[in-house]
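Colleague: Sequence unavailable; structure follows:
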């Protein structure tokens, strides 16, 4: 079945089942492999993408739910000012250990900062809930989110 999706600002036509999980569609049909497979149960956040600016788990979101909405993957996010600020902060703070969960972490952080430009620790913990880092880099993730908020606001370190 033909579906039209707007992914990373580009409207594209695809042949896919509306019931197909968005994660598999993005990776296997659209060729956007930055979004990762983790648990297939919506518990780890590795498959996080933005749908109309709100974080959703791609493994639990059918393609049909994305029709008519704007989907932003890690590839598209890193081309935007907030995404660039997050990547800069992630590098400054040296967040990444194995790196597997980081695309989902950055997507979740973007959703958080977009709705709360200066989150405190409690807001970060709540906003990042549902994204698991098996390497345990949570303190560095929190520090990077604080730093990204500063960078995005144009504030000095």
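Modeller: Cool, got the structure. These figures come from a predicted structure and were not determined experimentally. Residues are numbered from 1 along each chain as shown.
Colleague: Which secondary structure elements does the longest helix seen in the chain sit against?
Modeller: Secondary structure of the chain per DSSP state H: the longest helix is helix 138-153. Helices and strands in packing contact with helix 138-153 are listed as helix 81-93, helix 102-115, helix 121-127; criterion 3 or more C-beta pairs under 8 Å, 6 or more residues apart in numbering; DSSP states H and E. (C-beta placed from N, C-alpha, C; glycine too.)
Colleague: closest to residue 26 out of those?
Modeller: Each of these was scored for nearness to residue 26 using C-beta to C-beta, and the closest is helix 102-115 (11.2 Å).
Colleague: what sits against the residue nearest to the spatial centre of the chain?
Modeller: The residue lying closest to the centre of the chain (C-alpha atoms, centre = their mean) is residue 107, at 2.1 Å. Applying C-beta atoms under 8 Å, 6 or more residues apart in numbering to residue 107 gives the contacts 48, 49, 50, 55, 72, 73, 74, 77.
Colleague: count of residues packed around the second one?
Modeller: Other residues within reach of residue 49 by the criterion other C-beta atoms under 10 Å amount to 29.
Colleague: Need the contact partners of stretch 74-81.
Modeller: Looking at what lies outside stretch 74-81 - C-beta under 8 Å, 6+ apart - the contacts are 7-9, 32, 34-35, 49-50, 72, 83-84, 86-87, 103-104, 106-107, 110, 152.
Colleague: Okay, and the beta partners of residue 6?
Modeller: residue 11, residue 70 (DSSP bridges).
Colleague: Verify the stated contact: it with residue 70.
Modeller: Yes: taking C-beta atoms under 8 Å as the definition, residue 6 is a contact partner of residue 70 at 5.0 Å.
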